[in-house]
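Enquirer: have a look; sequence and predicted model below, questions after that.
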There are 2 protein chains.
Amino acid sequence: MPSLKSREWTLASRPVGMPKLSDFQHQDTEAPEPSKGEIQVQNSWMSVDPYMRGRMYDRESYVPPFQIGEVLQGHAVGTVTASHHPDYSKGDLVTSMAGWREAWTADPSSVMANKMPKTNLPDSALLGVAGMPGLTAYAGILRVADLQEGDTVFVSGAAGAVGSTVVQIAKIKNCTVIGSAGGEEKCKLVKKLGADHVIDYKQHDSYEALLGALKGAAPKGIDVYFDNVGGDHLQAAIEAARPMARFAICGMISQYNATEPQPGPYNIIQVVGKQLTLRGFIVGTHVDMQPQFLQDMAKWIESGQMKFEETVMEGIENAPEAFLGLFQGRNTGKMLVKLG
Amino acid sequence: MPSLKSREWTLASRPVGMPKLSDFQHQDTEAPEPSKGEIQVQNSWMSVDPYMRGRMYDRESYVPPFQIGEVLQGHAVGTVTASHHPDYSKGDLVTSMAGWREAWTADPSSVMANKMPKTNLPDSALLGVAGMPGLTAYAGILRVADLQEGDTVFVSGAAGAVGSTVVQIAKIKNCTVIGSAGGEEKCKLVKKLGADHVIDYKQHDSYEALLGALKGAAPKGIDVYFDNVGGDHLQAAIEAARPMARFAICGMISQYNATEPQPGPYNIIQVVGKQLTLRGFIVGTHVDMQPQFLQDMAKWIESGQMKFEETVMEGIENAPEAFLGLFQGRNTGKMLVKLG
């Protein structure tokens, strides 16, 4: 079995503020024939995700930082082209953390590879609605926010990979859902996914306007807030929260590229009187939910209750562009790069 | 049975910023002979508490606001002097919300009166360590913060009525405790109560200095933060928090008298990566714990594991002064007014 040609991306420099194309460097390499215990994989899709921005800082975090000059990592799906590992055969579909490259050869455990069961799902779904972003939505809204039937739920970033799944799970659970997204096209999508109310935050570009729109959509207040955005959205959610409301804090994309610390919500004192629970979470803590998640997701997709959108860029050469696009609001649903 | 002479305090005006003596108005009144279903009570102690500041704003909250010209309310303990109610007899000890007055006559349920069992505790303890502040500490640290043996616990306002009880409960549960308080005398008390480390925040009067002191005391970080203070303390606790740390948010006394909204913690984004839980609470939600609380507290006080301090002002005429003293850091332990 020959080696496979591969192109890959390394981190050229740590971004300051918004990342630039020049922070990335590509190089040609190859994925050699597998040694004992290794597999060789041709990636077909790779994922770009907002959390990757955090790994570009040199700081302690829940995942180690990317290193300058080393190949970047991220979720990818591909097909085994050669195996010297007893659990894998040629033709197996695998997800792994060996993204940002076209092909790779490694011990599967070293890149967190997982052999995927045969399903009717398109491969790309394993990076989105049935993958890490889907599980993030599922664990966040059902466990972290402890969703109850009939809750009034506010979701920011509602057109994104995670947010759009949260909207639909909350509707499946008979909740009233308010989604916020930026721009007419995204808002149309959120409405199509079943949200009862949609707030275009680009049309409500002050805190007061955003809060007014939220209170208009939820005159009795909200029971749950799923936060992908932080900033004004978080503050408005605290202001509109009903007593005992639960917040699942998944991300704060409004702050990822800030070069100076941003003030937290000015109304955080309301956490006491309203007895709010604000809980941050990372999907990795909730992988025990994966079997139930895959079962529910397959059922919901088949029944048409769960829809998903993808924004696809073609070719490994466009991976940095796709990543930057996340911060420019260029994706609707999951942002993906199609390889090969 | 004659009526009892009583002096009482009303709210003269809603304070702006720090309350002033002129925001209070006293008047002479009397507690008449009880009608059917009523009791007449001579108060012996009344409590002043930081939460009362919140009731002086005209806004929706978990307790209705005080009204201008009406007598103020708060916890008090007293003795039944006459009863026209089947469950109460002359000489019974009762707690109630009919504070800020020397005597009263009312239907017991209208002032949330509770007949107290005979104990060896001094009456004043029923307003402190064995009363509402004690239960606040107990429910907050054990249930809301889900305290585990061996946790590293940070408590702000550690010399106050609630904080000093939190420190001792955490020590009883074999935790490492860091207490913060303002001034040498209070810090000595916190140390005497068993705290492993004490931070005098008046000696660390910038955020950076406070954080440095906290990190020095807890080089591996904190598992639990019990917040009575908010502001820089909350931000430092987030910075020093270990993954999965739990915050019980009981109050934010640093912000109660602010006339402009104060920014929330600049590092709130760490809630995501560290998977922190910030949970606000009010003691009223946790009254189901009261039987176990009283049992534990009596045991701990008897064994000497639970100590308590009181700061006492004499006479109903000094009640507003006592209340203002809370915001000037004049109390060590529970602030009380001795009546009659």
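Expert: Thanks, I have the structure now.
Enquirer: the residue in the stretch 151-300 of chain A that chain B sits nearest to pairs with what?
Expert: Proximity of the stretch 151-300 of chain A to chain B (CB to the nearest CB) peaks at residue A:264, 2.6 Å away. For the C-beta atoms, the positions are set from N, CA and C on the backbone; glycine is no exception. Under DSSP bridges, the beta-bridge partners of residue A:264 are residue B:264.
Enquirer: how near is it to residue B:213?
Expert: Here the criterion is CB to CB, to the nearest Å. By it, residue A:264 lies 21 Å from residue B:213.
Enquirer: geometric centre of chain A: which residue is closest?
Expert: residue A:133 (4.1 Å; CA atoms, centre = their mean).
Enquirer: in three-state terms, label the closest residue to residue A:318 other than its chain neighbours for me.
Expert: Closest residue in space to residue A:318, ignoring its immediate chain neighbours: residue A:337 at 6.3 Å, by CB to CB, 6 or more residues apart in numbering or on different chains. Three-state secondary structure (criterion: DSSP: H, G, I helix; E, B strand; the rest coil) places residue A:337 in strand.
Enquirer: which parts of the stretch 1-150 of chain A are helices?
Expert: Assigned by DSSP state H, counting those that start in this stretch, the stretch 1-150 of chain A shows helices spanning A:51-55, A:132-139.
Enquirer: how far out from the middle of the chain is the shortest one?
Expert: Put plainly, it is helix A:51-55. Computed by CA atoms, centre = their mean, to the nearest Å, the chain-centroid distance of helix A:51-55 equals 11 Å.
Enquirer: quick check: residues of the stretch 201-340 of chain A near chain B?
Expert: Proximity of the stretch 201-340 of chain A to chain B is confined to A:230, A:234-235, A:243, A:249-252, A:255, A:261-282, A:285 under the rule CB under 8 Å from any CB of the partner chain.
Enquirer: quick check: mean pLDDT across stretch A:264-283?
Expert: The pLDDT scores in stretch A:264-283 average 96.
Enquirer: that stretch: end-to-end distance?
Expert: The stretch stretch A:264-283 measures 23 Å between its terminal residues, going by CA to CA, to the nearest Å.
Enquirer: next: stretch A:117-128.
Expert: Start-to-end span of stretch A:117-128 (CA to CA) is 16 Å.
Enquirer: got the buried residues for that stretch?
Expert: Residues of stretch A:117-128 classed as buried by neighbour count (16 or more other CB atoms under 10 Å in any protein chain shown): A:121, A:123, A:124, A:125, A:126, A:127, A:128.
Enquirer: what about the residue nearest to residue A:202 when sequence neighbours are not counted, how many neighbours?
Expert: In space, and not counting its chain neighbours, residue A:202 is closest to residue A:182: 4.7 Å by CB to CB, 6+ apart. When neighbours are defined as other CB atoms under 10 Å in any protein chain shown, residue A:182 has 19 of them.
Enquirer: do the same with residue A:77
Expert: 26.
Enquirer: do I have it right that it meets residue A:126?
Expert: Yes: taking contacts as CB atoms under 8 Å, residue A:77 lies within contact range of residue A:126: 5.0 Å.
Enquirer: okay if I get the buried residues of stretch A:117-128 as CSV plus pLDDT and distance to residue A:96?
Expert: Converted to CSV, these look like this (pLDDT from 0 to 100; distance: CB to CB, whole Å):
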residue, pLDDT, distance to residue A:96
A:121, 81, 17
A:123, 90, 13
A:124, 92, 15
A:125, 90, 16
A:126, 91, 11
A:127, 93, 11
A:128, 90, 16
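Enquirer: which regions of the stretch 51-200 of chain A sit below the pLDDT cut-off?
Expert: Along the stretch 51-200 of chain A, segments meeting pLDDT under 70 span A:62.
Enquirer: tell me the buried residues within the residues of the stretch 201-340 of chain A next to chain B.
Expert: Using 16+ other CB under 10 Å as the burial test, those include A:230, A:234-235, A:249-252, A:255, A:262, A:264-282 as buried.
Enquirer: picking that back up, so for chain B, which of the helices of the stretch 1-150 of chain A sits nearest?
Expert: Chain B lies closest to helix A:51-55 among the helices of the stretch 1-150 of chain A, at 7.0 Å (CB to the nearest CB).
Enquirer: and the closest one, is it in reach of chain B?
Expert: Yes: remark: helix A:51-55 sits within contact range of chain B at residue A:54, by CB under 8 Å from any CB.
Enquirer: cool, stretch A:129-141 as well?
Expert: No: Stretch A:129-141 lies out of reach of chain B by CB under 8 Å from any CB, never closer than 10.8 Å.
Enquirer: for that stretch, which outside residues touch it?
Expert: Contacts to stretch A:129-141, defined as CB atoms under 8 Å, 6 or more residues apart in numbering or on different chains, come from residues A:47, A:49, A:75, A:95, A:119, A:121, A:125, A:127-128, A:147, A:153, A:160-163, A:165-166, A:169-170, A:224, A:226, A:248, A:250, A:281, A:283, A:285-287, A:289-290, A:293-294, A:296-298, A:301, A:306, A:308, A:334.
Enquirer: list the residues that are in contact with both of residue A:77 and residue A:126.
Expert: Common neighbours of residue A:77 and residue A:126 (criterion: CB under 8 Å, 6+ apart): A:93, A:95, A:116.
Enquirer: highest neighbour count among those residues?
Expert: Most neighbours among those, by other CB under 10 Å: residue A:95, with 24 neighbours.
Enquirer: in this structure the residue of the stretch 151-300 of chain A closest to chain B contacts residue B:264, no?
Expert: Yes: judged on CB under 8 Å, residue A:264 makes contact with residue B:264 at a distance of 2.6 Å.
Enquirer: residues touching residue A:273, list them.
Expert: By CB under 8 Å, 6+ apart, the contact list for residue A:273 reads B:54, B:61, B:62, B:280, B:282.
Enquirer: repeat that for 10 Å
Expert: Applying CB atoms under 10 Å, 6 or more residues apart in numbering or on different chains, we find residue A:273 in contact with A:243, B:51, B:54, B:59, B:60, B:61, B:62, B:63, B:251, B:280, B:281, B:282.
Enquirer: ditto for residue A:45
Expert: Residue A:45 neighbours (CB under 10 Å, 6+ apart): A:75-78, A:95, A:99, A:122-128, A:131, A:310, A:312, A:334, A:336-340.
Enquirer: try residue A:276
Expert: Going by CB under 10 Å, 6+ apart, residue A:276 touches A:225, A:237-238, A:241-247, A:268, A:270, B:249, B:278-281.
Enquirer: among those residues, which lie within strands?
Expert: Judged by DSSP state E, these include A:225, A:241, A:242, A:243, A:244, A:245, A:246, A:247, B:249, B:278, B:279, B:280 as members of strands.
Enquirer: just send these back as a markdown table, with distance to residue B:36 too.
Expert: Conversion of those to a markdown table gives the following (distance: CB to CB, whole Å):
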| residue | distance to residue B:36 |
| --- | --- |
| A:225 | 50 |
| A:241 | 44 |
| A:242 | 40 |
| A:243 | 37 |
| A:244 | 39 |
| A:245 | 44 |
| A:246 | 46 |
| A:247 | 50 |
| B:249 | 44 |
| B:278 | 49 |
| B:279 | 44 |
| B:280 | 42 |
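Enquirer: out of those residues, which comes closest to residue B:327?
Expert: In terms of CB to CB, no member of the ones in strands among the contacts of residue A:276 lies closer to residue B:327 than residue B:249, at 18.9 Å.
Enquirer: which residue packs closest to the closest one, ignoring adjacent ones?
Expert: Distances taken as CB to CB, 6+ apart put residue B:280 closest to residue B:249, at 4.3 Å, once the chain neighbours are dropped.
Enquirer: for residue A:57, same thing?
Expert: residue A:65 (6.2 Å).
Enquirer: residues near that neighbour, how many?
Expert: Look at residue A:65: counted by other CB under 10 Å, it has 15 neighbours.
Enquirer: pretty sure it contacts residue A:53?
Expert: No: look at residue A:65 against residue A:53 with CB atoms under 10 Å: they stay out of range, at 11.2 Å.
Enquirer: coming back round to it: just the buried residues of the contacts of stretch A:129-141.
Expert: Using 16+ other CB under 10 Å as the burial test, the contacts of stretch A:129-141 include A:47, A:49, A:75, A:95, A:121, A:125, A:127-128, A:147, A:153, A:160-163, A:165-166, A:169-170, A:224, A:226, A:248, A:250, A:281, A:283, A:286, A:289, A:293-294, A:296-298, A:301, A:306, A:308, A:334 as buried.
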